[in-house]
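1. Predicted coordinates and the sequence they were generated for:
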Amino acid sequence: MNRIKETEITGLFRLSESLYLFKSSCHVWIVRRGSTALLIDSGTDVPDAVFRYLGISRIDLILHTRLDRSVCAATARLQKDWGGRAAVPASCGDFAVNPDFHWENQDIYHSYCFKPGYGIPVEPFDVKHHLQPDEEILWEDLRFKVINTESGDESLIYRVRIDGSDCVFTGNLLAGKGSVWNFYDMERWYNELCMGGESLLDRAIARLQALESAGADLLLTAHGDPVLYGLEAAAATREALQNTRNQLYQNTIPSGSRDEELPGDFVPVEGSVSGPWNIETSWFFISESGKVLIWDFGWPIMPGDSRDILTRLSGISGRNDLVPDVILFSHYHDDHISGVPSLKEFYPELSVWSMDTMADILENPFHYNLPCLGSAGYPYEGISVDKVLKDRETFNWEGQEFQIHHFPGQTEYHAALVTEMDGRTILFAGDSVYKPLDGYILRGESSNGWNICLLGEGKGYSRCARVLKEVQPDYLASAHHSMIPVDSRRIEEYGSWAQNTAEMMENLVYGRNANFSCDPGWASFYPFRSIVDPGERFQTSVRIRNHEDRTVSVNIRPVLPEGWGCSPAVREGAVPPGETGEFLFEITAGAGTFRRTVLTAHVVCDGIDYGQHPVHIADSKEYEKTLPAHLFEKYRQEREAAAEQDLCYQGAWKIRWSPESGLKC
C-alpha cells in the first residue's frame with residue numbers, strides 16, 4: 001500500500017484503492033467494494049458527502065472495535081440513513097441494543113465498576129453479530145478475523161488482507177510506537193490489579209502479544225498515528241504497558257495477605273488529648289472531657305452501626321463518656337464517610353469540617369461523576385459542612401494543634417492531617433500511602449483514573465511527596481494499613497516513585513499531556529445530575545480541565561434527545577493552562593414523560609475531536625422518588641446475603657468478619 005493521501009473532502013484520506021480513512025472522534029476506516037462499504041467504527045459522525053464522494057450508496061456492515069461513544073456514536077444514524085448491520089464484542093452487545101436498561105440501572109450512588117460505565121451509547125442500534133475470539137466474518141471477498149485471545153473482551157482487533165497487505169484494525173489498543181491514547185480505558189473496576197486477578201491492562205498486553213503472533217504489514221488505529229508499519233509499534237507498546245503495570249502495582253498486596261505487612265510499633269498516647277485510636281478506616285482522638293475528634297468514619301453503613309463503632313472505641317480506650325465533637329475526612333470515598341448520616345442521627349451537634357477541595361463533593365455528591373460516592377446502603381443527599389479548611393491551615397482542638405494539607409494522591413480530592421503526640425509527628429495519610437511489604441518501597445495507594453489521580457510537579461502523588469518531605473513525619477497513619485513507621489529514606493522512595501510514575505506515563509501517552517489520558521473527568525458536566533419535570537428548564541455547565549501548559553480552545557455542543565432544547569446551541573472559548581473553564585447551558589426538558597434521560601456534549605479541544613465525552617443524567621422527579629428506596633433495598637438484601645456467609649458487605653467489597661478482630665478489609 002502507498003502512504004496515506006489527502007482527498008478533496010476535508011478529513012478524508014486514501015490509503016489504497018479500497019481503503020479510506022475519515023477522521024472523526026476516532027479514525028473511521030472505510031473499505032469500499034463497488035457502491036457498498038464496510039466501516040470499522042463510526043465515530044461521532046461521517047458526513048453523507050464522504051459516501052457520495054466515494055460513490056457509495058449503501059453501508060453493508062459496521063465492525064466495532066469497542067462500545068464507546070467516541071467510536072460508535074454515529075452508528076444509529078448511519079444505519080437509519082445508509083443501512084448496514086453492526087458487529088460488536090459479544091460481551092457488550094446488550095448495551096448497544098438496549099442502552100436505556102443500562103443507564104437506568106447505572107449505580108451513580110456507589111459506583112465501583114468503570115466498564116461499561118458512562119462511555120456506552122445513548123442511542124440504540126441494531127446488532128447482527130456478537131463476536132468472540134477467533135470468529136471470522138466474510139464480507140464480499142474479504143475475511144475479517146477477530147484475533148483476540150480472551151472471551152469476554154470488551155475491545156476487539158480485526159485482521160484482514162486488503163489490496164495485497166495484511167492489515168490489523170487495532171482500535172484503541174495502541175496509538176503509536178510505545179504509546180496509547182487513553183490509559184483509563186484499561187480500568188474495568190476499582191482496584192482490580194491490587195485485588196489480584198486479570199485486569200484490562202493484562203488483557204491489552206495479551207492482545208498485543210496475539211497481534212505480534214498473527215503478524216501484519218499495517219496496524220490501523222482508532223486514535224493517534226492512523227497507520228503504523230510493521231510490528232515494532234506493537235512490541236514497543238506491549239513493553240511499555242508491562243513496565244507501567246510493574247511501576248504502578250509493584251507493591252500489590254494480594255487479597256488475604258494483609259498479615260504479611262510490616263508491623264508498626266505505635267502505642268496510643270495518654271494525656272489531655274489521648275490517641276490516636278484506630279478502628280477500621282477511622283482514627284480517633286479523645287479529650288479529657290470525653291469529646292472525640294474523628295478522622296474518617298466509613299464502615300458503619302446502616303442505621304445504628306455507628307453506635308457499635310463507638311462501643312468498640314470505648315472498649316479499647318477504657319472510656320464510657322465519649323461524645324463525638326468534630327469529624328474530618330481524608331477524602332470523599334464511601335468507606336471514609338458513609339457512617340456520618342448514622343452518626344449524626346445520634347449526635348446532631350457533631351460538627352463536620354472539610355478541606356476546601358472536597359467540601360462541595362460532600363455537600364453535593366451527585367453533582368459529580370466520580371466513583372465511590374455516597375453512602376453504601378444509606379441514601380442521603382449529602383453531608384452539610386460546618387467549617388471549611390484551607391491548605392496548610394492550623395487549628396486547635398481541646399489544646400491539641402493540628403494542621404491540614406492538600407494531599408491529592410489516590411484522588412485529587414484528598415487531605416492529610418498532621419499532629420504531634422508525645423514528641424512524634426504523625427501524618428494521617430488516608431488512602432494516599434500504601435504500606436510496603438518487606439523488600440518493597442513506600443508508594444502511593446491505588447491509582448485509578450476515575451479517582452482523578454493527576455501527574456506532574458506539584459500534582460497528585462508528587463505533591464504528596466513534597467508534603468512528606470516538608471513535614472518529615474515519624475509515622476504515617478494509613479486508613480487501611482494502620483500505623484506505618486517512616487524515615488527520610490522511605491520518604492525519598494515515595495518521592496522517587498511518584499516522579500518515575502509521572503515520567504513513565506508522559507512517555508506512554510500519545511501526543512498530549514498525560515493527564516488527559518489518566519483523567520476521564522477532564523471534560524464533565526456540573527452538576528452531573530439534575531432532577532426535573534417534563535418541560536422544565538434547568539442549567540448545567542460543561543467544565544473543561546486544561547492539563548496542557550498552554551491555552552487551549554474549546555468548542556462544546558450539547559447533544560440532546562428529540563424534543564429537548566438547549567441555549568445556546570454551542571459555546572466556544574479558551575481555557576488558560578492549568579485552569580478549569582466553565583461553559584453554562586440552559587436545558588429545556590422534553591414535554592413528554594420520561595424516567596432517566598442521558599445528555600452528552602460533543603467536545604472539540606485544540607482541534608482534537610473528542611466526541612460525546614461528558615455525560616449528564618436528567619431524572620424525572622417521579623423516577624427520583626423510586627431511587628432511594630430501590631437502592632436501599634438492594635444494599636439491604638446484599639448485606640443480609642453476605643451475613644449468611646459470615647461476611648460483612650461494603651459495596652463492592654465483601655470482607656471477612658471475626659468477633660475477635662472485627663472487619664478485615
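-> Received it, and whenever you're ready, just let me know what you need.
2. okay, CA-based contacts and neighbour counts for the rest of this
-> Noted.
3. Would you verify that Thr237 is located in a strand?
-> No. Counting by DSSP: H, G, I helix; E, B strand; the rest coil, Thr237 is not found in a strand; it is helix.
4. That one reaches Trp181, doesn't it?
-> No. Using CA atoms under 8 Å, Thr237 is not in contact with Trp181, being 11.3 Å away.
5. joint contacts of the two?
-> Common contacts of Thr237 and Trp181 (CA atoms under 8 Å, 6 or more residues apart in numbering): Leu174.
6. And the residue nearest the centre of this protein?
-> For the chain, the residue sitting closest to the mean C-alpha position, by CA atoms, centre = their mean, is Trp450 at 1.8 Å.
7. need the contact list for that residue.
-> 114, 184, 370-371, 518-521.
8. Now with 10 Å, please.
-> Contacts for Trp450 (CA atoms under 10 Å, 6 or more residues apart in numbering) come out as 112, 114, 184, 187, 189-190, 369-372, 411, 518-521.
9. Let me know the closest of those residues to Val97.
-> Set against Val97, the nearest of these by CA to CA is Phe114 (19.7 Å).
10. Low-confidence bits of the stretch 551-665 of the chain, can you list those?
-> Within the stretch 551-665 of the chain, the segments meeting pLDDT under 70 span 627-665.
11. Helices of that one, start to end?
-> 621-644 (DSSP state H, counting those that start in this stretch).
12. hmm, back to that, using the three-state scheme, assign the residue nearest to the centre of the chain.
-> Secondary structure, three-state DSSP: Trp450 is helix.
13. Look up how far Gly119 lies from it.
-> 13 Å (CA to CA, to the nearest Å).
14. and if you look at Glu187?
-> Glu187 sits at a distance of 13 Å from Gly119 (criterion: CA to CA).
15. same check, this time on Leu174
-> Leu174 is 19 Å from Gly119, by CA to CA.
16. Then His102?
-> 11 Å.
17. Please apply the same query to Arg392.
-> On the measure of CA to CA, Arg392 and Gly119 end up 38 Å apart.
18. Out of those two, name the residue with the larger neighbour count.
-> Comparing Arg392 with Gly119 by other CA atoms under 10 Å, the one with more neighbours is Gly119, at 19 against 16.
19. Show the pLDDT at that one.
-> For Gly119, the pLDDT comes out at 88.
20. excluding its backbone neighbours, what's nearest it?
-> Once flanking residues are discounted, Gly119 sits nearest to Asp68: 4.9 Å by CA to CA, 6 or more residues apart in numbering.
21. Please list all residues in contact with that neighbour.
-> 41, 43, 96, 116-122, 154-155, 185, 611-613.
22. now, which of these sits nearest Arg543?
-> Within the contacts of Asp68, distances to Arg543 taken as CA to CA reach their minimum at His613, with 11.6 Å.
23. number of nearby residues for that closest one?
-> A count of nearby residues for His613, using other CA under 10 Å, gives 23.
24. How about the contacts made by it?
-> Shown in contact with His613 (CA under 10 Å, 6+ apart): 25, 68-70, 118-119, 520-525, 600-604.
25. So which of those residues belong to helices?
-> Counting by DSSP state H, these place 69-70 in helices.
26. Can you tell me which of the contacts of His613 are buried?
-> 25, 68-70, 118-119, 520-525, 600-604 (16 or more other CA atoms under 10 Å).
27. check contacts around the closest residue to Trp564 other than its chain neighbours.
-> Once flanking residues are discounted, Trp564 sits nearest to Gly590: 4.5 Å by CA to CA, 6+ apart. Shown in contact with Gly590 (CA under 10 Å, 6+ apart): 533-537, 560-565, 597.
28. Strands of the stretch 551-665 of the chain, start to end?
-> Using DSSP state E, counting those that start in this stretch, the strands of the stretch 551-665 of the chain run over residues 552-559, 565-567, 571-575, 580-588, 596-605, 608-620, 647-650, 653-658, 662-663.
29. now the strands: where do they sit in the stretch 351-500 of the chain?
-> Applying DSSP E, counting those that start in this stretch to the stretch 351-500 of the chain gives strands spanning 351-355, 387-389, 394-397, 400-406, 415-421, 424-430, 475-478, 483-485.
30. Mean neighbour count, those strands: which tops it?
-> Comparing these by mean neighbour count (mean count of other CA atoms under 10 Å), strand 475-478 comes out on top with a mean of 24.
31. What's opposite the residue nearest to Ser18 when sequence neighbours are not counted in the beta bridge?
-> Leaving aside its sequence neighbours, Ser18 sits nearest to Arg32 (CA to CA, 6+ apart; 5.1 Å). Per DSSP bridges, the residues bridged to Arg32 are Ala37.
32. State the pLDDT value of Arg32.
-> Note on Arg32: pLDDT of 97.
33. residue ranges with poor pLDDT in the stretch 351-500 of the chain?
-> If you take pLDDT under 70 as the line, the stretch 351-500 of the chain has these spans: 374-380, 436-440, 445-447.
34. what ranges do the helices span in it?
-> Secondary structure of the stretch 351-500 of the chain by DSSP H, counting those that start in this stretch: the helices cover 359-363, 460-471, 488-508.
35. how about those, which one is nearest Pro268?
-> helix 460-471 (20.4 Å).
36. which strands and helices sit next to the closest one?
-> strand 400-406, strand 415-421, strand 424-430, helix 488-508 (3 or more CA pairs under 10 Å, 6 or more residues apart in numbering; DSSP states H and E).
37. Any idea which of these gets closest to Arg52?
-> Closest to Arg52 of those, according to CA to CA: helix 488-508, at 38.6 Å.
38. buried residues in the closest one?
-> 490-499, 501-502, 504-508.
39. number of nearby residues for Leu142?
-> 13.
40. do Gly318 as well
-> Gly318 sits with 9 neighbouring residues when counted by other CA under 10 Å.
41. now do Phe169
-> Here the number of neighbours of Phe169 (other CA under 10 Å) works out to 26.
42. Let me know the secondary structure of it.
-> State at Phe169, reduced to three classes by three-state DSSP: strand.
43. quick one: contacts for it?
-> By CA under 10 Å, 6+ apart, Phe169 lies in contact with 29, 40-41, 63-65, 144, 146, 156-160, 218-222, 226-227.
44. Just the pLDDT for it.
-> Phe169 is assigned 97 on the pLDDT scale.
45. For it, name its beta-bridge partners.
-> Tyr158, Leu220.
46. Could you list the low-confidence segments of the stretch 51-200 of the chain?
-> Applying pLDDT under 70 to the stretch 51-200 of the chain picks out residues 109, 116, 149, 151-152, 191, 193-198.
47. how about the helices in it?
-> With DSSP H, counting those that start in this stretch as the criterion, the stretch 51-200 of the chain has helices at 69-72, 75-82, 93-97, 99-105, 200-214.
48. Show me what the fourth one is packed against.
-> With contacts defined as 3+ CA pairs under 10 Å, 6+ apart, helix 99-105 has these neighbours: helix 93-97, strand 596-605, strand 608-620, helix 621-644.
49. make it 8 Å
-> When contacts are defined as 3 or more CA pairs under 8 Å, 6 or more residues apart in numbering; DSSP states H and E, helix 99-105 sits against strand 596-605.
50. Now do the strands in the stretch 101-250 of the chain.
-> Counting by DSSP E, counting those that start in this stretch, residue ranges of the strands within the stretch 101-250 of the chain are 129-131, 136-139, 142-146, 158-162, 165-171, 218-221, 227-229.
51. just these: most buried one?
-> Most buried among the strands of the stretch 101-250 of the chain, given mean count of other CA under 10 Å as the contact rule, is strand 218-221, at a mean of 24.
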